[in-house]
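A.B. asks: What follows is a predicted structure for the sequence shown.
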Amino acid sequence: MLPREAADSDASVGLVHWIRDTAVPDTVGERDGTSAFVGGLSAQTVDISEEVSRATPLVLALVLGLSFILTLVFQEGHGASLLDFTSGGFIQAYLPLLTFVILFGLSMDYEVFLISRMKEEWGHSRDNTRAVTEGVAHTAKVITAAATIMMVIFAAFMITKVVEVKQTGFALAVAVLVDATLIRVVLVPALMRLLGNSNWWLPGRLDRVLPRVELTEGSAPPPDDAPAEAVGRPREEPAARG
């Protein structure tokens, strides 16, 4: 059964819910251990939407939780004696923006490194599950080591007597810890696993404009409908005229 409407339209989404919630239970049920599954782009859209909705409260709680920790330490003064500072009762206004800008730049290193390894494996196997697994397996230790080094460096900022520098070091150390563990090693691979081959989809018009950058040692496998010249097969020479 294929929907007539667009894959992400209300009609197609409603069709997926009707099949799963009504049609399948009424026709298949639990008898004889038979199971029925709904696939396709519409079902994938529904699953991703539900997963994002499920995870959003957790992400918001995490972000707010880290903000509360920063406020609790440097605004309320909890742990002031341990970190050797006197709370002024406020946090510098520029600190959240500064922390975000620095962290964004640092996190791109993790992202490029992780996704590049996945793209390399995808170029070899064209298997999304294997690409995600190999990417995480081959980069997790390096990402963890790099994050540990940065956390130690940022933690060293808290040795200074300047409260603003202490706040910056504390915020960046905590942010790098969360970014390198929960986000880059857990959430990103999980999302890419859910998206499947859609991770590597690119509109044809944009694909023709962008430069080709292959991260594999060899060239990526060509599409099935590629002409002989594109896949390196020798052309047939025309017969010599007598």
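C.D. replies: Everything's here; your move. Residues are numbered from 1 along each chain as shown.

A.B. asks: If you rank every helix and strand of this structure by mean pLDDT, what lands last?
C.D. replies: helix 80-83 (a mean of 72; mean pLDDT, DSSP states H and E).

A.B. asks: what helices or strands is the helix or strand following that one leaning on?
C.D. replies: Downstream of helix 80-83, the first helix or strand assigned by DSSP states H and E is helix 95-125. Judged by 3 or more CB pairs under 8 Å, 6 or more residues apart in numbering; DSSP states H and E, helix 95-125 is in contact with helix 128-156, helix 163-178, helix 188-195. Every residue, glycine included, has its C-beta placed from N, CA and C.

A.B. asks: Please repeat the previous calculation with a cut-off of 7 Å.
C.D. replies: In terms of contacts (3 or more CB pairs under 7 Å, 6 or more residues apart in numbering; DSSP states H and E), helix 95-125 is packed against helix 128-156, helix 163-178.

A.B. asks: on that earlier part again, from the contact counts, what lies against the least confident helix or strand of the chain?
C.D. replies: Helices and strands touching helix 80-83, as assessed by 3+ CB pairs under 7 Å, 6+ apart, are absent.

A.B. asks: can you pull the buried residues of it?
C.D. replies: The neighbour-count check on helix 80-83 (16 or more other CB atoms under 10 Å) flags Leu83 as buried.

A.B. asks: ok, now stretch 104-111?
C.D. replies: For stretch 104-111, a neighbour-count test (16+ other CB under 10 Å) marks 106-107, 110 as buried.

A.B. asks: what's the most buried one of the helices and strands packed on helix 95-125?
C.D. replies: Compared across the helices and strands packed on helix 95-125, helix 163-178 shows the largest average neighbour count, a mean of 20 (mean count of other CB atoms under 10 Å).

A.B. asks: For the nearest residue to Phe113 once chain neighbours are set aside, give me the pLDDT.
C.D. replies: Of all residues not flanking Phe113 in the chain, Thr139 sits nearest, at 5.8 Å (CB to CB, 6 or more residues apart in numbering). In this model, Thr139 is scored at 86, pLDDT.

A.B. asks: What of Gly169?
C.D. replies: 86.

A.B. asks: dump the residue contacts of it.
C.D. replies: Contacts for Gly169 (CB atoms under 7 Å, 6 or more residues apart in numbering) come out as 154-158.

A.B. asks: What separation do you get for it and Val176?
C.D. replies: Distance of Gly169 to Val176, given as CB to CB, to the nearest Å: 11 Å.

A.B. asks: CSV for the helices and strands packed on helix 95-125, including distance to Phe100?
C.D. replies: Converted to CSV, these look like this (distance: least, CB to CB, whole Å):
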stretch, distance to Phe100
helix 128-156, 15
helix 163-178, 9
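
A.B. asks: To Phe68, which of these lies closest?
C.D. replies: Of all the helices and strands packed on helix 95-125, helix 163-178 sits nearest to Phe68, with 11.5 Å by CB to CB.

A.B. asks: returning to what we had before: and the contacts of Gly169, which is closest to Gly77?
C.D. replies: Distance to Gly77, by CB to CB, is smallest for Met158 among the contacts of Gly169, at 14.8 Å.
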